[in-house]
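Colleague: have a look at this prediction, sequence included:
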Amino acid sequence: MTMLRAVWLIVRKDLTVEVRSREIAYTTLFFAVSCVLVFAFSLVQEGRAADGVGAGVLWMAIMFAGNLALGRTFERERQSETLRALMLVPAPRPAVYLGKLTGIVVLLGATEVVLVPLVALLFHAEMLAHPFWLAAVVATGTIGFAAVGTLFAAMLVRARSRDVLLPVLLYPITVPVIIAGVRATMALVQPDFDEAVVRFWLALLIAFDVVFVTLALWTFEPVMTD
Amino acid sequence: MPKWFLPAAIVCGLMFVVSPFVIANAPFDSTMGLVYKIFYYHMPSAWMFLTASVICGVASARFLATGDARHDRTAWAAAEMAVLFGVLTLVTGPLWARKAWGTWWVWDARITSSLVGWMIAWAYLILRKYGGPGSEKLSAGLALFGTANVPFIYVSVNYWRTIHPATTVVPTLPFSMGFPLLFCLTAFTLLFVLLIKLRVRVAEQQSRLDALYLSLDDAR
Amino acid sequence: MRLAQAPPAQQEGFVPIDQLPPQEQYAAAPLLVGAYSFVLVMLFGYMVSVSRRLGTIQREMDRLAADVKRSGKG
C-alpha cells in the first residue's frame, strides 16, 4: 500500500467516526469557548480588554483545546486497540503518523473557524482585517502544535499517567509556536499593519513545521516499536 | 568505580573548599561591586547546564538509532545534571540580577531560553519517573525534540532585547578576573564528570540488579 | 520592587576596580552568601542522594548474592 493511500484511509476513518459521533468536535469546541470566557472574565477590566490581549487569548484557547483533542483522539484509539492494529497495517509506519496528524489538524481547524471570529468579537480585535495572512498564521501554528502533539500523544498511549504527561511534554516544546503565533496575530491586529513582522513570524512557523514534521516522521517508528 | 574516581573526587572537593578564597582575591567590578562575584559560580553552572543538555540530546539520538541501553543511561544521567545545574543557574542569576539590575527577572532571550530548556529537562525526569514501562524511548523522543527546538526557542524569545553581558567578556577579562573564573570552571567541570559517572553507575547497577531478578525468576 | 521590567542600558563588560565604594558592601552580602550557600547545599545534597541510591542498590545485590549462595548450598 502506498503512503498516500494509507494516509487517506486513516484520515477517512477518523473523519467518518467523528462525523458520526461528533463527540470530540463538540467537546473540543465547547472547551475552547469556555476557555475564552474564562480569559474574558480574568482579563477584561471595566468593559475593556488590554490592547493585544485578543491574540494571546486566541492562541491559549487553541493550545488548551488542542491538548484536550489530542488526548481524546488517542484515548479512543487505545480503547479499541486500533493503534496496534494500525501499526500492523502493511503501509509505511510514518503514514499512520501523517494520517493522525491530518485528522487532528482538520479537527482543530474546524474549531478555529468558530474561535477566531468569537475572540475578535469579544476582545474588540480587528483580526479579520487581513484574512489570508491570519489564515496562514493560524494554519501553520496549528500544524506545528499538532505535529509535536500527535507524536507525543501517540507515544504516550501505552504510558502511565498519560493524561497529565501530555501537557507536561507538549507545552515547553511548543513555546516557539505560541510566541510566533501570538506575535504574528498581534501584528495583524494593529491598525498600522507591518507586513515584514508578520512575514518573519510566519517564516519561523513554517520552518518549525518543516523541521518538526520531519523529525516526527523519523522518530515515529523507533519510538512506537518496542 | 574506576581508579581515578577517588583521587579526582578529593581534588574536586579541595578545589571547592579553596574557591571562596580564590574568588575573594579577585578585584571588584566598578558598577556592580561585590555582588558580581556570584558570576564565578553562576557562569560555570550555566556552562554545565548547557553541556548536560547537549549530552542528553546526543545520547537520546544515539539510543533511538541503536537501541543500546548505555546511551539511555547516559541520557537519563545527563538530564538529571541538566536539571541540577539549571536550578543553580536560575537561582544564582536572579540573586545577582536583583543587585546588579534592580529586578529579580528579565525576559531576555538567553535567560528565557534557558528557563524553557530547563523545563524540558525537568519534563524528561517526570516522564522517566511516572511514565511507566517503555518510557525510555518516549523520553529519548522528548530529548531529541527539545534539542532540535533550541534554535527556535532562542530566535522566538529574542524578540525582546538582551541585557546579558556579551559573551566576549571572558577573553577580554584581565587576568585578575580570568584566573578565578578558570579555577571555578575547572572545579565545576570536574564535579560534573564525577557526578555523571556516579549517576550512570547507579543506572548500570540497577539494570544489573533487574537482570539478576529476572534470571532468578527464570531459574525457579 | 518590580518582578520583571524593561532592563536598564546594557553594560558592555566587566571593569575591575580595587576599591569598593562603601555603600555597596551591605546589601550585596546576603545575596552573595545566599547564592554560594545555595549552590554548595544543592551540590552536596545531590551527591548524598546519588551515593545513597548506589548504596541501596549495592546492598540489594549483596543480599541477592547471599540468597543465591544459601539456596545453592542448601
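Modeller: Sure, I can see it.

Colleague: use CA for all of it now, contacts and neighbours both
Modeller: OK.

Colleague: output the lowest mean pLDDT helix or strand found in chain B.
Modeller: Sorting the helices and strands of chain B by mean pLDDT, DSSP states H and E puts strand B:28-29 at the bottom, at a mean of 63.

Colleague: ok, is whatever helix or strand comes next after it in contact with chain A or not?
Modeller: Sequence order places helix B:39-66 as the next helix or strand after strand B:28-29, per DSSP states H and E. Yes: using Cα under 8 Å from any Cα of the partner chain, helix B:39-66 reaches chain A at B:64-65.

Colleague: helices and strands around helix B:39-66, which ones?
Modeller: Packing partners of helix B:39-66 (3 or more Cα pairs under 8 Å, 6 or more residues apart in numbering or on different chains; DSSP states H and E): helix A:195-224, helix B:69-100, helix B:135-157, helix B:175-219.

Colleague: rerun that using 7 Å as the cut-off
Modeller: Where contact means 3 or more Cα pairs under 7 Å, 6 or more residues apart in numbering or on different chains; DSSP states H and E, helix B:39-66 is packed against helix B:69-100, helix B:135-157, helix B:175-219.

Colleague: may I see the buried residues of stretch B:60-76?
Modeller: By 16 or more other Cα atoms under 10 Å in any protein chain shown, the buried positions in stretch B:60-76 come out as B:60-64, B:67, B:71-76.

Colleague: most widely separated two among the residues you listed?
Modeller: B:67 and B:76 (14.3 Å; Cα to Cα).

Colleague: quick revisit: closest to chain A out of the buried residues of stretch B:60-76?
Modeller: residue B:64 (6.2 Å; Cα to the nearest Cα).

Colleague: which other residues reach the lowest-mean-pLDDT helix or strand in chain A?
Modeller: Using mean pLDDT, DSSP H and E, strand A:48-49 stands out as the lowest-scoring helix or strand of chain A, at a mean of 72. Residues outside strand A:48-49 that contact it (Cα atoms under 7 Å, 6 or more residues apart in numbering or on different chains) are A:43, A:123.

Colleague: can you do 6 Å?
Modeller: Here strand A:48-49 makes contact (Cα atoms under 6 Å, 6 or more residues apart in numbering or on different chains) with no residue beyond itself.

Colleague: give me the helices and strands touching the following helix or strand past that strand, please.
Modeller: Scanning forward in sequence from strand A:48-49 by DSSP H and E, the next helix or strand is helix A:53-79. Applying 3 or more Cα pairs under 6 Å, 6 or more residues apart in numbering or on different chains; DSSP states H and E, one finds that helix A:53-79 contacts helix A:23-43, helix A:175-189.

Colleague: just name the most buried of those helices.
Modeller: Highest mean neighbour count among these (mean count of other Cα atoms under 10 Å in any protein chain shown): helix A:175-189, with a mean of 24.

Colleague: so which residue is smack in the middle of chain B?
Modeller: residue B:49 (2.3 Å; Cα atoms, centre = their mean).

Colleague: what's near enough to touch that one?
Modeller: Residue B:49 neighbours (Cα under 6 Å, 6+ apart): B:82, B:85-86.

Colleague: which one of the helices and strands packed on helix B:39-66 lies nearest to residue A:176?
Modeller: Residue A:176 lies closest to helix B:135-157 among those, at 5.3 Å (Cα to Cα).

Colleague: and the closest one, how far out from the chain's middle?
Modeller: Its chain's C-alpha centre and that of helix B:135-157 lie 16 Å apart, by Cα atoms, centre = their mean, to the nearest Å.

Colleague: and it, is it in reach of chain A?
Modeller: Yes: applying Cα under 6 Å from any Cα of the partner chain, one finds helix B:135-157 touching chain A at B:137, B:152-153, B:156.

Colleague: and stretch B:8-27, how far from the chain's centre?
Modeller: Computed by Cα atoms, centre = their mean, the chain-centroid distance of stretch B:8-27 equals 20 Å.

Colleague: so where's chain C uncertain?
Modeller: Filtered on pLDDT under 70, chain C yields the residue ranges C:1-27, C:73-74.

Colleague: who touches residue 182 in this structure?
Modeller: I went with chain A, as the question did not name one. So, once contact is read as Cα under 6 Å, 6+ apart, residue A:182 ends up touching A:55-56.

Colleague: wrong chain, I was asking about chain B
Modeller: Residue B:182 neighbours (Cα under 6 Å, 6+ apart): none.

Colleague: now it: how far from residue B:94?
Modeller: Distance of residue B:182 to residue B:94, given as Cα to Cα, to the nearest Å: 23 Å.

Colleague: make TSV from the helices and strands packed on helix B:39-66 and add mean pLDDT to it.
Modeller: Shown next, in TSV, are the helices and strands packed on helix B:39-66 (pLDDT from 0 to 100):
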stretch	mean pLDDT
helix B:69-100	92
helix B:135-157	88
helix B:175-219	87
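
Colleague: closest to residue A:140 out of those?
Modeller: With Cα to Cα as the criterion, residue A:140 lies closest to helix B:135-157 of those, at 14.6 Å.

Colleague: which secondary structure elements does the closest one sit against?
Modeller: helix A:175-189, helix B:39-66, helix B:109-130.

Colleague: hang on, the earlier thing: residue C:33: which of the helices and strands packed on helix B:39-66 is closest?
Modeller: The closest of those to residue C:33 is helix B:69-100. By Cα to Cα, the value is 10.0 Å.

Colleague: ok, back up a step: for the contacts of residue B:49, give me TSV that also has neighbour count and distance to residue B:193.
Modeller: Formatted as TSV, the contacts of residue B:49 follow (neighbours: other Cα atoms under 10 Å in any protein chain shown; distance: Cα to Cα, whole Å):
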residue	neighbour count	distance to residue B:193
B:82	29	13
B:85	28	13
B:86	28	16
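
Colleague: mind checking the end-to-end distance for stretch B:60-78?
Modeller: OK, stretch B:60-78 end separation, Cα to Cα: 10 Å.

Colleague: show me what it is in contact with.
Modeller: With contacts defined as Cα under 6 Å, 6+ apart, stretch B:60-78 is touched by B:52, B:56, B:59, B:140, B:196, B:199-200.

Colleague: picking up where we left off before, in CSV, list the helices and strands packed on helix B:135-157 along with mean pLDDT.
Modeller: CSV is the format used below for the helices and strands packed on helix B:135-157 (pLDDT from 0 to 100):
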stretch, mean pLDDT
helix A:175-189, 90
helix B:39-66, 92
helix B:109-130, 90
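
Colleague: can you list these in TSV and add distance to residue A:60?
Modeller: Listed next are the helices and strands packed on helix B:135-157 as TSV, based on distance: least, Cα to Cα, whole Å:
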stretch	distance to residue A:60
helix A:175-189	8
helix B:39-66	28
helix B:109-130	17
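
Colleague: which of those helices sits closest to residue A:218?
Modeller: The nearest among the helices and strands packed on helix B:135-157, by Cα to Cα, is helix B:39-66 at 10.0 Å.

Colleague: what residues sit buried inside that closest one?
Modeller: Using 16+ other Cα under 10 Å as the test for burial, helix B:39-66 gives B:39-64.

Colleague: near chain B, which residues of chain A are found?
Modeller: Chain A has residues A:159-160, A:169, A:176, A:223 near chain B, with proximity defined as Cα under 6 Å from any Cα.

Colleague: repeat the analysis, applying 7 Å as the threshold.
Modeller: A:155, A:159-161, A:165, A:168-169, A:172-173, A:175-176, A:179-180, A:219, A:222-223 (Cα under 7 Å from any Cα of the partner chain).

Colleague: buried members of those into ChimeraX, please.
Modeller: The command below creates a ChimeraX selection of those among those that count as buried (16+ other Cα under 10 Å):
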select /A:155,159,160,165,168,169,172,173,175,176,179,180,219,222,223
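
Colleague: any stretches of chain A with poor pLDDT?
Modeller: Across chain A (using pLDDT under 70), the flagged ranges come out as A:1, A:226.
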